[in-house]
Each structure stands twice: as C-alpha cells, then as structure tokens.
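Asker: let's see this in three dimensions:
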Amino acid sequence: MIIRLCSKKRKPTSNRAIPSKRRYRALFVSVLSLALILIGPGCSTEKADPSYENGRLAFPVHKGKSLQKPEVVRFMPWEIWPLGTDLAGQPFKSPLISEGDKELRAGRREQALEKYLQAQSGPLSGAEAEALVMRIASTELALDQPNKSLTTLSNYFRTSGKVVDDVDARFSLIFAYAYQRRGDLGQSMAWFARVAKVGLNQPGMRDAAERGVGTLVRSLPDDRLNEVSEQWSTETFIRVLVGEERSRRVAGGSIEDTQAGIWASNLPAGITDISGNATPIGVLLPLSGPFANLGKSVKNGIDLAAAGRTTSSGSTPELALLYRDAGAGADQAVGFARELVGTAGAKIILGPLLSEHALAVGDFARQSRVPLLALAKNSNFATGENVFRLGATVDSQVRSLLEVADKRLHVTRFAMVYPNDSAGRELADAFRVELTARGLALVYESSFSRGNFDSFVPIADSLEKSNAEAIFFPDSIVTASRFFGSLSADFRSRIRPLGVAMWDNQQQLSNSSAVLEGAVFVSPYFAASTRPAIVQFNQAYQSAYNQAPDFLAAQGFDALTIIAEAARRQRADGGALPMAIRQVDTYEGLTGRITVRSDGELQRQFSVVQMIGGKIQEIADPGNPSFVMHGEQPGEGMIHPITAGATAAQHRPS
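Answerer: I've put the predicted structure just below:
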C-alpha cells in the first residue's frame, strides 16, 4: 500500500451516532458507613456539602445549590503531544504558542487555533515550527476540518524537503485520523500501520495505532471488512486486528458506528459517563496477566471506598472511576494514561501498581502536568509537583519500625545482619540512614550470602560480644529462624528480633515461635487489629467479595479516600488538585498514619506488631481514622469516625 501525504478531497461520512456510554454505578451501598468513617462526623437535617472554614474541613454546610459541574476537557485520540513544550520537551519561546496551549487546555479550540495561526508570523526555531504545525493540523482535525489538516501537514513536509519516511509516529497518527475522517480507508490504514512501525520506541504509540484501527474496523460492514482482510493480508499489524474483529462478529458482536462519534461527542464507546458533579478518576491496574490478582485486590478496595459516595444532591456518584487494564506492559500503561487524560477527561490518575509501569507513567504525568498518585514501591520513582506516591517503600517500613523501637520500646543500640544482595543492601542502607537521623547507635553489622547458613554461627559468635539490644534481620521468616536459632538462649532473651513486612505471616511465625519470641516487625495491614475502621472494613470486604482483604485492598481504599477528600476540597476552594492533595496533612487510614510531604511522597507510619506467646499483637495503635488539614492542630477540624457497625441510613447526610 502506497502512503500519500495528501490526495483528492472525498466527502466525509454522514452518520454521527453518539457511541454508547456506561455509567459508573456505586456498588455495595451497605458499606456507606465505612466510607463515611473516614470523612463524616454524623448526620444533619440539612443537605451536607463539605466546606472549609479557617483552614478546617467542616460538615455540614447548607449551600442551597449543588456544586458546579467540574470542567471536563476531552482531547482527541491523536492529541498526545505534550502541552507547553515542543516535541523534545523544551519550553516555547513563542508566547503565542504558549497562549494557544492554554486555550486548548481549557477546551477552547477555535481560540487556540487562532493563536497558533498568529504564531506562524513570528520568529520560530526549527523545533517550535515543527510543534506548531502539529498543533495547527491537530486542531483543524479536531474542529472537523480534515482537508485543511492534511493540507497543513503536506505543505510542511514538502516545503521542508521531507518524504514519507521522515514522518514520525505522532504526525503519522494525525495523517491516519485525517484520512479516516475523509473516508479514505486505504490511506488511513497505511498511516496507522506506519504509526505502529515507527512508534515502537515511543511509549503509547503502538497502543494508539491499535485503538485507531480497532475503532475503524468495528464500523465497517461485513463485505468491506472482508475486502480489507484481503487487501492487508501481508501486513501483520493490520491483519491481526482485522482477524480479531472478524472473531468478535462471529461471537455475536455487531457493527458499531465508532467513527462519527469521535467528532460528535468526543467520548469513545466504553468510557464511563461522568455526568453531574462526579470527578473522573483514571485508574491504571494490572487486571489481566501474571499480576492480575494484585490489581484486582487494589480494585476491590477502591470500589469499596467509592461505594455510596455521592455529591450534595445525594443521588449522583461523587466519583467516576475509569479503569484501564495495564497488565501488558509499560508502553500500554502510558498509552492508557494518554487516553484517560486526553479523551476520557480524567482529572487524576490513580496507579500504576507495578514499578516499571509507574516509572513510565510518571514521566508522562510530569510532561502533561496531570496529577498522578502512583502505588509503586520502587525507590527510584520520582515524586514532586503533580506526581505523588503511596507505596510500601523500604524507607516507610524502616521508618515505621524504628519509630516504635525508639519511641515506644526505648531501644538505643542496634545490630544489623542482612543478605548481601540488592534487596538486602537497600534495606540496610535505609536502616543506617534512619538510625543516624534519630541519633541511635549501630553497634554491630554483618552480611551473609543468601542461602549460606554456615556463616550464621561465626556471625552469631561475634554478635554476642556486642551490647546490642535489638537485631534488624531483613530476610524471610524461615531464614530468620535459622539465624536466631544460632544465638544462645541467654542472648536471645536479652535482645529483640526486628523484621520487615515479609515477617507478617502468622503461620510461619508460629512455626518459629521458640526462637522469634518477642519479634517486632512491620505489618502494612494488620487485619487482626481491633480498630473499629479495620473491623468494619474486614466485614464489608468479606461480605462484598467473599474473602478476607489484604494490604493491597486496604491501600486501594486509602488511596481513593485521599483523592476523594482532595477533590472535595478542590471543588470547595477552586484551587488545583495537587495543592488540595498537599492540604491533607494527616490521614489516619486503614494502612497507617499517612502524611503528605512537600515533595509528593505520602509518608506512612505502618502498624508495628510483636509476637508474644506465639500470637501477634499490635504495639502502636494509630487511633481512629480521621483527617487533619494543613493549618489545623490535632483534634481541631478533624473528621471523626462514626460508630462502627452503624447502618448507612443512620449516617447518610440528610
């Protein structure tokens, strides 16, 4: 198939059916009281809208009218270039291009195009000229002017002396959609195939091409689909997608008018309807593949946090959750992030969970300025400005452990024995840093090769000559029991074993109770806690999913609760969402006490437990779930929990 830069005008298609929409439905209404336990103080005879008085979150306040519908700007599927910078990520010197980007960000495309056209007359660098052409052609196409868009693109490449092989994936995507809108199926397919080919090293581009071809072939009648199948039989990328569409129809799938809908409503089929006051939240989780069980746990917790949350009218969901399955890889995760922000109108992205995915999506979030709350624990993940992270990081585990050892157990002298591999060294480094910060003493340190149990005896002999009060051993329970079994009974009686979250296993600890009696370790989610919030969460989760919750489910609940509170504050104050997140100074959640640092890291004090008599008991009780906003003192302006076990009807604002 020959690719053309532009060709004779053809009449665009006329069918403009609006694609189907799915409304987010608040499930598990019976757990409304659980959602309110983190945000509501009780009930009132008036409609309850959140407000902020003197820097404090207060309930209820009668507004007399519903909150204004949040602005949702939906970008077209080809508008995936960064706003505010050229294609290389450098800021513009041309003020007109920057002004045009501001108009585009606000959804005012006609005004944006006017600014872009004016910018053509000014002095521009080569990179600025390239970015400007992309903006003009893209905006013309978004305004349903495909012929002007093609002319803009073709003139630029011809006057620049470039040919088809010089067109990169982002320009190719605009060509593909412009020809699609003109009704030139062959050229559209050819350009989509080029996007997939040359965009292999550009995150999200292959996914964008797959979505483009997928929506295109779903609109074709059977006879035309058969023709396409024959014409593109030698092009693997197209052939596979056409084959998938044929299989879908054999299974009973129908023809969909997906094309006109892009321009008719800017809302692709399958995107959640975000009517009313609902804040659209994009959620990236691995819902298929080898990590699907992890993603589904997080999703379950998120769904429970969202259940029953409504706007001031009491009928419209407060949150619209836009889930995307990011189980296939980092490129797919970035592609979905672009689609969530550009097309679905997400105001913030929650996730990803996996570290590799989070690193890639974090880069996209920084470029696009979209708020992101990642759930990854990789120490290399960078936070700051609009990028936040709530994860079970090594630093948070070590900090939580030493907070209790220092302040509650009054231990001042520590020893450390760790496996000499990357994971062990990372934990050891974090332990040293935290000890130094607290002014505590590391009186003994040694390492071992993982699996080399023969080295435990000489290490134990040397360690017993120290005056250590506690021994940090960041390895598995099985290995820890072998090591502590190498110590004399007298020395074991005088020290405390310290461990990390991998020790949080009652059955394995019971098997090692003789040598690990008194062990103190981090429990990211202590399900056996008697705290009312955790008891109620366990009950609600068991009722909804017929299984006990784990840490990831509880973390999903906490993450969405924080976002929901930030969204409420943003609607009340009219500020930016990242600033609203930073206003959540302290949150007593299911997974511990969470504070939002200025660098975007959500620092968490996990529960710390100890084994006494073969049973695990909680040491630090972080108290009842509540929020403290910046500018408040603890106990002032707090959202206090409702009585555990109360019914939804008793505590729904009325």
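Asker: endpoints of stretch 138-153, how far apart?
Answerer: Length of stretch 138-153, first residue to last, CA to CA, to the nearest Å: 9 Å.
Asker: what does it rub up against?
Answerer: By CB atoms under 8 Å, 6 or more residues apart in numbering, the residues outside stretch 138-153 that reach it are 5-6, 9, 12, 76, 78-79, 81, 104, 109-110, 112-113, 116, 133, 136-137, 171, 174-175, 177-179, 181-182, 263. In this view, the C-beta of every residue, glycine as well, is placed from N, C-alpha and C.
Asker: tell me which entries of those residues lie within strands.
Answerer: Judged by DSSP state E, the contacts of stretch 138-153 include no members of strands.
Asker: filter the residues you listed down to the buried ones, ChimeraX style.
Answerer: The buried subset of these, as determined by 16 or more other CB atoms under 10 Å, is captured in ChimeraX by this line:
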select :5,6,12,76,78,79,81,104,109,112,113,116,133,136,137,171,174,175,177,178,179,181,182,263
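Asker: for the longest helix belonging to the chain, the averaged confidence score.
Answerer: Longest helix of the chain, by residue count under DSSP state H: helix 551-573. Taken as a whole, helix 551-573 carries a mean pLDDT of 89.
Asker: show the pLDDT at the residue lying closest to Pro77 once chain neighbours are set aside.
Answerer: With CB to CB, 6 or more residues apart in numbering as the measure, Thr343 is the residue that lies nearest to Pro77, at 5.7 Å, once sequence neighbours are left out. We have a pLDDT of 74 for Thr343.
Asker: could you give the number of residues near Thr343?
Answerer: Other residues near Thr343 come to 21 when the count uses other CB atoms under 10 Å.
Asker: show me where the stretch 101-250 of the chain has helices.
Answerer: In the stretch 101-250 of the chain, the segments counted as helices under DSSP state H, counting those that start in this stretch are 109-119, 126-142, 146-159, 169-182, 185-198, 205-218, 222-231, 236-250.
Asker: gap between the third one and the chain center?
Answerer: Spelled out, that is helix 146-159. 37 Å (CA atoms, centre = their mean, to the nearest Å).
Asker: try the first one
Answerer: Mean C-alpha position of helix 109-119 versus that of the full chain (CA atoms, centre = their mean) differs by 33 Å.
Asker: what comes into contact with that helix?
Answerer: Applying CB under 8 Å, 6+ apart, the external contacts of helix 109-119 come out as 94, 96-97, 99-101, 103-104, 132, 135-136, 139-140, 142-143.
Asker: hey, where'd the helices end up in the stretch 501-650 of the chain?
Answerer: Assigned by DSSP H, counting those that start in this stretch, the helices in the stretch 501-650 of the chain fall at 506-511, 513-516, 532-545, 551-573, 577-582, 648-651.
Asker: just checking, the residue nearest to Pro77 touches Ile80?
Answerer: No: applying CB atoms under 8 Å as the test, Thr343 and Ile80 come out as separate, 9.5 Å apart.
Asker: torsion angles phi and psi at the closest residue to Leu498 other than its chain neighbours?
Answerer: Spatially, and ignoring its direct neighbours in sequence, Leu498 is nearest to Phe472 (4.5 Å; CB to CB, 6+ apart). When read as degrees, to the nearest 10, the backbone of Phe472 gives phi -90, psi 120.
Asker: likewise for Phe388?
Answerer: phi -120, psi 160.
Asker: what about it, distance to Arg571?
Answerer: 19 Å (CB to CB, to the nearest Å).
Asker: the two: which is more packed in?
Answerer: More neighbours surround Phe388 than the other of Phe388 and Arg571, with 28 against 22 (other CB under 10 Å).
Asker: list the contacts of the residue nearest to Leu498.
Answerer: Contact analysis of Phe472 by CB under 8 Å, 6+ apart lists 401, 414-418, 431, 498-499.
Asker: nearest to Gly439 among these?
Answerer: Phe414 (12.0 Å; CB to CB).
Asker: count the neighbours of the closest one for me.
Answerer: The tally of other residues near Phe414 (other CB under 10 Å) stands at 26.
Asker: who's Glu601 bridged to?
Answerer: Beta bridges link Glu601 to Arg389 when assigned by DSSP bridges.
Asker: Thr595 contacts Leu602, doesn't it?
Answerer: Yes: contact criterion CB under 8 Å: Thr595 and Leu602 qualify, at 7.3 Å.
Asker: so which helix or strand takes in Ser493?
Answerer: Assessed by DSSP states H and E, Ser493 sits inside helix 489-494.
Asker: buried ones in that helix?
Answerer: Using 16+ other CB under 10 Å as the test for burial, helix 489-494 gives 491-492.
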